[in-house]
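J.: Show me the folded form of this:
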Amino acid sequence: MVDVYTGAKPGRPALLLVMSAAILAGTLGLAWWHVSAARALAPDVRVGDTPLLVRPPRGWLHHPKEPGTFILPVRRSIRGREQQLIERRLKVEMRRMPAFASLEDIIANLDQAEHVRSVAPRPCRVGPLEGVQVHRPIVLRLGMRTHEQERVMRLACSPRGELIEVEYIPLTGLTYGDLDLLDDVCASIRIDDPAFYVEPAAALAHAGLEFELEPDWQIVGPDIAEAPGLYVGGQEDGLAAWALSLFRTWLATGRTPRDLLSDFAAYEWSIAAEDVRVDERERPDGIKVATVRHPAFGTQAHTVASAWLVTKSASEVVLINVQAGPRHAAAADEAAARLAETLRFAATPVMPALDEAEAAGRDLASELAKKGTLPAWWGREERRAYYVGQTPGGWDAYLVQHAAVDRDPAAGYEGFLLNLFAHGQQRSEWKVDGSATSYSYVLTQAVEAGSGGGRFSLDERRAPGTTTVTRRVDLGGQPTTRTIAVGPAFVCPPAEVLAELLVARAEKPACVIQVSAHWATGTVRRLLQPLPPDDDGLRRVLAQVDYRPTGAVVAFDEDGEVRYEVYPTTRLERVTQQDAERRFPELRRWR
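T.: The predicted model follows:
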């Protein structure tokens with residue numbers, strides 16, 4: 001080209017090529033730097049009080065009132081006046097649902113609630129989870145004009161039920177740069193919970209189970225780290241569609257697979273025992289398999305569609321819950337069936353020897369019946385405590401009160417528990433003799449009609465010197481009365497917390513006690529195991545119910561009062577009366 005336009009030749013052609021290459025490389029490098037700078041991320045930011053950590057784009061501002069929202073402001077001149085606009089918005093949220101839900105169902109519910117039609121779904125990653133990306137065109141009205149804004153959302157739901165939503169909202173149209181930036185942000189997401197990063201082999205060993213993982217399955221550990229179980233997530237058409245929870249449980253003396261699954265159905269689906277259909281069979285290796293399905297299986301949405309119980313021995317039992325919507329219920333149930341037919345049991349340190357635990361439970365019940373055990377912890381004066389916690393359905397509040405009858409511990413104790421929740425309340429009143437054996441327990445629950453409401457009441461009593469409990473249940477004006485036999489390991493409702501306290505203080509070993517459950521046809525079994533103290537030195541106990549073995553942790557202070565309770569979806573903390581009444585003014589009525 002030099003020859004053509006100037007007729008001259010460069011004296012050093014090689015140097016000219018080197019300089020041209022250097023200029024080109026510098027130009028490309030500068031362009032790469034600009035692109036990289038535009039996609040650079042800031043350090044980790046925790047989203048509110050959740051365990052979710054995310055790296056927002058560098059230079060974006062954290063919204064002062066929305067913990068998971070980050071904005072990119074720009075200044076523009078509009079009609080001669082400088083104004084600040086939000087050019088880009090990134091919204092990151094994490095919330096716990098009662099259980100797993102398929103991404104398909106979650107998107108459908110969001111669209112219905114927000115009157116939006118999500119389009120172009122495709123699989124993607126959101127932190128450690130498999131998720132889905134959808135585009136959500138939204139029509140905005142600006143005076144007499146309308147403007148279509150294209151948003152993009154990524155969602156992921158863990159097998160346990162943690163839902164992560166990431167929404168990217170540009171002021172104008174989406175660009176490839178926006179999507180690349182969203183890729184980087186989603187790749188940066190971490191969950192501050194080791195259960196999401198556990199190796200499958202370690203999770204199986206902890207639960208004392210062995211089975212082959214299918215290629216698209218994802219393993220997540222339990223909410224309560226000490227509980228012997230895990231969660232398995234499966235996909236359909238590349239999207240998370242169902243989940244299974246597998247938790248070790250047990251069959252106490254006198255309990256059968258049918259008993260356990262009947263109690264599960266009564267608790268989970270409010271189905272009377274006589275209406276529960278349990279199918280039982282035996283594997284070629286002698287292991288027994290039992291299953292129960294919701295009567296509307298595959299046609300209606302329920303938190304749990306079916307349950308499987310696999311039993312090798314009284315202490316080698318696993319309960320499998322199938323969580324899926326109507327469309328994927330059959331596929332999830334088939335996956336559970338494959339597991340039920342092939343899984344094997346292995347030793348696990350988190351399940352005690354059953355015969356020893358049952359013997360310890362009888363000793364514990366006997367200890368509670370001794371004169372002086374209740375007064376040693378409850379004294380004679382009135383005690384009152386308030387607890388508050390957030391659940392998937394909203395905030396809950398509890399007021400607990402008890403005192404010696406006429407300030408005489410020998411005459412026994414009386415008290416009540418009030419539970420206020422989003423759409424109703426539950427109140428129980430009780431009275432127990434000084435030996436914690438004969439008692440009365442009356443519970444009433446009222447739920448708003450629009451929330452699956454109605455009234456429920458229970459009146460349960462045990463007369464002195466008897467081995468039976470009389471329970472009267474009234475559900476919607478249809479009362480039924482049952483007489484239930486109780487054994488030497490039975491602990492009456494008011495004294496259950498003392499059983500947990502004694503085990504938490506390591507005064508008693510792991511034990512299985514017999515307890516009342518108002519939704520069951522009889523009594524159920526509760527396994528109590530002492531745990532190491534927490535970082536504050538509080539004594540803790542792991543409590544599991546045989547038909548619902550996901551577990552709970554109860555922590556006690558030095559005075560023997562509950563400091564907090566941790567469940568898979570809820571943490572209840574003891575608070576002051578002023579704090580509780582500030583959040584729940586209705587509590588002032590119960591001063």
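
J.: show me where the stretch 1-150 of the chain has helices.
T.: 2-6, 13-39, 103-114 (DSSP state H, counting those that start in this stretch).

J.: With the stretch 201-350 of the chain instead?
T.: 257-269, 329-342.

J.: do you know which of those lies nearest L52?
T.: Nearest to L52, of all those, is helix 329-342, at 26.4 Å by Cβ to Cβ. C-beta coordinates here come from the backbone N, C-alpha and C atoms, glycine included.

J.: for that closest one, packing partners?
T.: If you count contacts as 3 or more Cβ pairs under 8 Å, 6 or more residues apart in numbering; DSSP states H and E, helix 329-342 packs onto strand 229-236, strand 239-249, strand 288-293, strand 306-313, strand 316-324.

J.: returning to that earlier point: of the helices of the stretch 201-350 of the chain, give the one that comes closest to E162.
T.: Going by Cβ to Cβ, the one of those nearest E162 is helix 329-342, 18.5 Å.

J.: what residues does the closest one touch?
T.: Applying Cβ atoms under 8 Å, 6 or more residues apart in numbering, the contact partners of helix 329-342 are 211-212, 214, 232, 234, 236, 241-244, 246, 283, 289, 291, 293, 297-298, 305-306, 308, 310, 320, 322-324.

J.: Give the residue spans of the stretch 51-200 of the chain that score low on pLDDT.
T.: Counting by pLDDT under 70, the ranges of the stretch 51-200 of the chain that qualify are 74-86, 140-147.

J.: quick one: the strands in it?
T.: 52-54, 61-62, 69-78, 81-96, 119-126, 129-142, 145-157, 162-170, 190-191 (DSSP state E, counting those that start in this stretch).

J.: Turn the ones you listed into TSV, columns for distance to G551 and mean neighbour count.
T.: Formatted as TSV, these follow (distance: least, Cβ to Cβ, whole Å; neighbours: other Cβ atoms under 10 Å):
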stretch	distance to G551	mean neighbour count
strand 52-54	23	21
strand 61-62	36	12
strand 69-78	35	13
strand 81-96	16	16
strand 119-126	27	15
strand 129-142	23	16
strand 145-157	22	17
strand 162-170	17	21
strand 190-191	20	18
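
J.: I'd like to know which of those is closest to G361.
T.: strand 81-96 (32.3 Å).

J.: mind listing what the residue lying closest to S438 once chain neighbours are set aside touches?
T.: Spatial nearest neighbour of S438, chain neighbours left out: P464 (4.3 Å); criterion: Cβ to Cβ, 6 or more residues apart in numbering. Contact analysis of P464 by Cβ under 8 Å, 6+ apart lists D433, T437, S438.

J.: any idea how far P464 lies from A485?
T.: For P464, the distance to A485 equals 16 Å [Cβ to Cβ, to the nearest Å].

J.: what do you get for V232?
T.: As judged by Cβ to Cβ, V232 and A485 stand 38 Å apart.

J.: Comparing those two, which residue is more hemmed in?
T.: Taking other Cβ atoms under 10 Å, V232 and A485 do not tie; V232 has more neighbours (24 against 12).

J.: partners of that one in the sheet?
T.: Beta-bridge partners for V232, by DSSP bridges, are I219, L244.

J.: Quick check, pLDDT for A21.
T.: A21 carries a pLDDT score of 58 in this model.

J.: Which residue comes closest to Y197 once chain neighbours are left out?
T.: P128 (6.5 Å).

J.: same deal with E561?
T.: E561's closest residue in space is A385 (Cβ to Cβ, 6+ apart), at 6.1 Å.

J.: Check V350 too.
T.: P228 (4.4 Å).

J.: There's contact between the one you found and M351 in this structure, I believe.
T.: Yes. Shown here, P228 and M351 form a contact pair, counting by Cβ atoms under 8 Å, at 5.6 Å.
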